[in-house]
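**Student:** Okay, structure incoming, though there's no sequence with it:
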């Protein structure tokens, strides 16, 4: 599985896969949580940005 835009957020790493915004536990590498993309959200991974601010995850970039 490819993960794009990884950012550290405390005990997890947050990034985008093909179909999900996911968090991975740093110690185990297992998925901590995942949010599926809706049918109209298909990100162009070469230019997507994942940012964390005030306990929020912000995903920005062009969609296909």
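**Tutor:** Yep, that arrived. Keep in mind the model is a prediction, meaning the values are calculated, not measured. Residues are numbered from 1 along each chain as shown.

**Student:** where does this structure dip in pLDDT?
**Tutor:** Judged by pLDDT under 70, the chain has its weakly predicted residues at 39-47, 62-64.

**Student:** In it, which residue is most central in space?
**Tutor:** residue 15 (2.4 Å; C-alpha atoms, centre = their mean).

**Student:** host element of that one?
**Tutor:** Here residue 15, judged by DSSP states H and E, is contained in strand 12-16.

**Student:** Tell me how far that strand lies from the chain's centre.
**Tutor:** Put simply, strand 12-16 sits 5 Å off its chain's centre (C-alpha atoms, centre = their mean, to the nearest Å).

**Student:** and it, what other elements does it pack with?
**Tutor:** Applying 3 or more C-beta pairs under 8 Å, 6 or more residues apart in numbering; DSSP states H and E, we find strand 12-16 packed against strand 4-9, strand 20-25, strand 49-53. In short, each C-beta sits where N, CA and C put it, glycine included.
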